[in-house]
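Novice: give the three-dimensional model of this entry:
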Amino acid sequence: MRGLKDLFHNKKDYENLNYLVSGYLLFVFIISHILMEGILIYYQLHFMIIYNIFSIVLMFICFFLNHVGFPKMAVILNLIDICIFSTLGSLFGGWNVGFYLFFFDAVAIAFFTETLGLRTKMFFTIAVTALAGIVKVYAPDRVVSAGNSADTLIYCIIFLGIILYMGVIYYYFDSQRIMLAKETVKSKQFIKNIEGILEKNMTVSNEVKNIGEQFSANFSGNLRSQNVISSSAEVVAKNSKSSLDINKTISARVSDFSVMLEKLKDSVIQIHENSKEALNLNNNGNKNIIDIEFKLNSNVESTNKLGDAIVELEERAVEIGTILDAIRSITKQINLLSLNASIEAARAGENGKGFAVVADEIRKLAEQSSSATNEIEEVINSVKGSVEGSRNNMNEVWNAVSIQKELTDETKTKFNDIKSKIDIMTSEITSVNADIHRITNFKEEILTLVQKSALESESVHNETEKIVVSIKEQSNSMQNSNSIAEKLLSLSNKLNANDVHL
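Specialist: Numbers count the residues shown, from 1 in each chain. Okay, here's the model as predicted:
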């Protein structure tokens, strides 16, 4: 076989040139139909466009049939398709468009191809000629004008197609001539070889005579050797049977190992999926820890601000206490002034009554101021107590927040450690999965080798049994070797006499 050129040959009869010509003709028709598709599209013959696609597919099928050993079927299908295509093309596109030329191509193929028999050729030639006459009557006329480049192109394409067909036919007859010349040279060479054989025949007959004599002398030794070989062959047959059983056992164990390896592979895949899920959960937990840490920092900041506010409130309470002390001192002085005013009013008598009323009002205001100051002091003391309690609570909150922050930092560190462990485990699982894949490949290779070895062992066992049987038959046949040797000597003498006669 020599590449793409082999497709044109019949692979069952490679040297037959008739099938080669059929292959080239079918290939030319494939090209012609492909070019015709453009012509049909130009004339907008929609039905013919669809049928021509079918024809192209059919031509490829015929080409394949010719290659695989069905050339007659391929040529007949090709001729039928050409007739149908020519008839439909002429009826739909007009007689003068050029489709009728395919009729003459069909006649040329039917007449010149050696793939078909004589009766088949005559049938297709008469049928195509009659069909062309009928189509000529009923097909519409479509005159080709000198200025119509498309019609001119159609005729040129079909003309080139006919030239290609004639070239293939010429190639066929020229190939036949070359083949006959080669056969003549082979015949002459064959005669020379016969003469050489006759010249050597005398020498060969003498050698045959000597071989017959030696064969008779070596018969006893060969018979003993045959017995030894027969015993050895039986031992080899037993060993080959044992080797065959061992190979079958190994094959079964490798198959069991294959099943276990598949289960291990599934388990590793499941572990890998679980590790991915754990990694996702760890990432989500880490994100939650980050959110908690952010909120915790916000709480710490708020707690610090609250502590500052409490300190400031405590300072303001102290300042208010100082102010209350000042107010209390002023109230005492006002009481003293009110008392002095009352004394002076009493000394003044009637003239001091109005002043005494004012002094009494001042005294009442001083008492009210003292009472209000005491109430404010009680409120301030209560506020101081609340501030002190808030400070203690804030310290407890601060301690709790500090502990929570430490726990959060520790949890974050643990999550990071878990993520590192999961990453390492994922990497190791990936490596194990790759190792399992390589082991699977090695297992397949081993299983293939074991199966091949088992087949070879079985073949060796069968051949060994055949050899044992053959050796036994050979031992039996050697019992008649003396008579065969005598016949061989007699035949050698006759051969010498014939050579002398020639």
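Novice: so where's the stretch 401-502 of the chain shaky on pLDDT?
Specialist: Flagging of the stretch 401-502 of the chain using pLDDT under 70 yields the residue ranges 401, 415, 432, 442-443, 447, 449-450, 453-454, 456-458, 460-461, 463-502.
Novice: ugh, typo on my part, it should be the stretch 1-150 of the chain
Specialist: Applying pLDDT under 70 to the stretch 1-150 of the chain picks out residues 1-5, 8, 10, 15-21, 90, 93-118, 120-122, 124-150.
Novice: one more time with 80, if that's ok
Specialist: Where the stretch 1-150 of the chain drops to pLDDT under 80, the residues are 1-29, 31-33, 35-36, 38-40, 42-45, 48, 69, 71-72, 75-76, 78-150.
Novice: just the helices in it please.
Specialist: With DSSP state H, counting those that start in this stretch as the criterion, the stretch 1-150 of the chain has helices at 17-43, 46-68, 71-93, 101-112, 118-138, 149-217.
Novice: could you do the stretch 201-350 of the chain as well?
Specialist: Assigned by DSSP H, counting those that start in this stretch, the helices in the stretch 201-350 of the chain fall at 219-348.
Novice: and for the stretch 351-500 of the chain?
Specialist: Ranges of helices in the stretch 351-500 of the chain, per DSSP H, counting those that start in this stretch, are 353-477, 481-501.
Novice: tell me the pLDDT of K276.
Specialist: The per-residue pLDDT reported for K276 equals 72.
Novice: and it, what is it in contact with?
Specialist: T426 (CB atoms under 8 Å, 6 or more residues apart in numbering). Every residue, glycine included, has its C-beta placed from N, CA and C.
Novice: can you give the domain ranges for the chain?
Specialist: 3-188, 229-478 (automatic domain parsing).
Novice: which residues sit in contact with the closest residue to S369 other than its chain neighbours?
Specialist: Excluding the flanking residues, the one nearest S369 by CB to CB, 6 or more residues apart in numbering is T331, at 4.7 Å. T331 makes contacts with 366, 369-370, 373, as judged by CB under 8 Å, 6+ apart.
Novice: repeat that for 10 Å
Specialist: Residues counted as contacts of T331 (CB atoms under 10 Å, 6 or more residues apart in numbering) are 365-373.
Novice: likewise S369?
Specialist: By CB under 10 Å, 6+ apart, the neighbours of S369 are 327-328, 330-331, 334-335.
Novice: picking that back up, so how far is E319 from the residue nearest to S369?
Specialist: 19 Å (CB to CB, to the nearest Å).
Novice: swap in K414?
Specialist: From K414 over to E319 (counting by CB to CB), the distance is 50 Å.
Novice: cool, and A372?
Specialist: The gap separating A372 from E319 is 18 Å, by CB to CB.
Novice: hmm, which of the contacts of T331 are the buried ones?
Specialist: Neighbour counting by 16 or more other CB atoms under 10 Å classes 366, 369-370, 373 among these as buried.
Novice: nearest to K305, of those?
Specialist: Lowest distance from K305 to these (CB to CB) belongs to T373, with 32.5 Å.
Novice: give me the mean pLDDT for stretch 374-386.
Specialist: Mean per-residue pLDDT for stretch 374-386: 75.
Novice: put the alpha carbons of that stretch into PDB.
Specialist: Output of stretch 374-386 as PDB, limited to C-alpha atoms (Å, rounded to 0.1, in the frame of the first residue of the first chain):
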ATOM      1  CA  ASN A 374     -28.700  69.800 101.200                       C
ATOM      2  CA  GLU A 375     -31.000  68.100  98.700                       C
ATOM      3  CA  ILE A 376     -28.500  68.900  95.900                       C
ATOM      4  CA  GLU A 377     -25.800  67.400  98.100                       C
ATOM      5  CA  GLU A 378     -27.800  64.300  98.600                       C
ATOM      6  CA  VAL A 379     -28.300  64.000  94.800                       C
ATOM      7  CA  ILE A 380     -24.600  64.600  94.200                       C
ATOM      8  CA  ASN A 381     -23.700  62.000  96.800                       C
ATOM      9  CA  SER A 382     -26.100  59.600  95.100                       C
ATOM     10  CA  VAL A 383     -24.600  60.400  91.700                       C
ATOM     11  CA  LYS A 384     -21.100  59.800  93.200                       C
ATOM     12  CA  GLY A 385     -22.300  56.400  94.400                       C
ATOM     13  CA  SER A 386     -23.700  55.600  91.000                       C
END
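Novice: which residues touch that stretch?
Specialist: Here stretch 374-386 makes contact (CB under 10 Å, 6+ apart) with 310, 313-314, 316-321, 323-325, 327-328.
Novice: hmm, try it at 7 Å
Specialist: Contact with stretch 374-386 is made by 314, 317, 320-321, 324, as judged by CB atoms under 7 Å, 6 or more residues apart in numbering.
Novice: neighbour count: K414 and E319, which is higher?
Specialist: Applying other CB atoms under 10 Å to K414 and E319 shows that K414 carries more neighbours, namely 14 against 11.
Novice: can you tell me how far that one sits from H437?
Specialist: Taking CB to CB, one finds K414 at 34 Å from H437.
Novice: and N274, by the same measure?
Specialist: According to CB to CB, N274 stands 20 Å off from H437.
Novice: same question, E37
Specialist: Going from E37 to H437 by CB to CB gives 50 Å.
Novice: check which residues of stretch 65-82 are buried.
Specialist: Buried-residue list, stretch 65-82, by 16+ other CB under 10 Å: 65-67, 70-72, 74-79, 81-82.
Novice: can you put the residues you listed in JSON lines and add distance to L88?
Specialist: Below are these laid out as JSON lines (distance: CB to CB, whole Å):
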{"residue": "L65", "distance to L88": "23"}
{"residue": "N66", "distance to L88": "24"}
{"residue": "H67", "distance to L88": "28"}
{"residue": "F70", "distance to L88": "26"}
{"residue": "P71", "distance to L88": "26"}
{"residue": "K72", "distance to L88": "25"}
{"residue": "A74", "distance to L88": "21"}
{"residue": "V75", "distance to L88": "21"}
{"residue": "I76", "distance to L88": "19"}
{"residue": "L77", "distance to L88": "16"}
{"residue": "N78", "distance to L88": "16"}
{"residue": "L79", "distance to L88": "15"}
{"residue": "D81", "distance to L88": "11"}
{"residue": "I82", "distance to L88": "11"}
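Novice: closest to N399 among those?
Specialist: Set against N399, the nearest of the buried residues of stretch 65-82 by CB to CB is H67 (94.9 Å).
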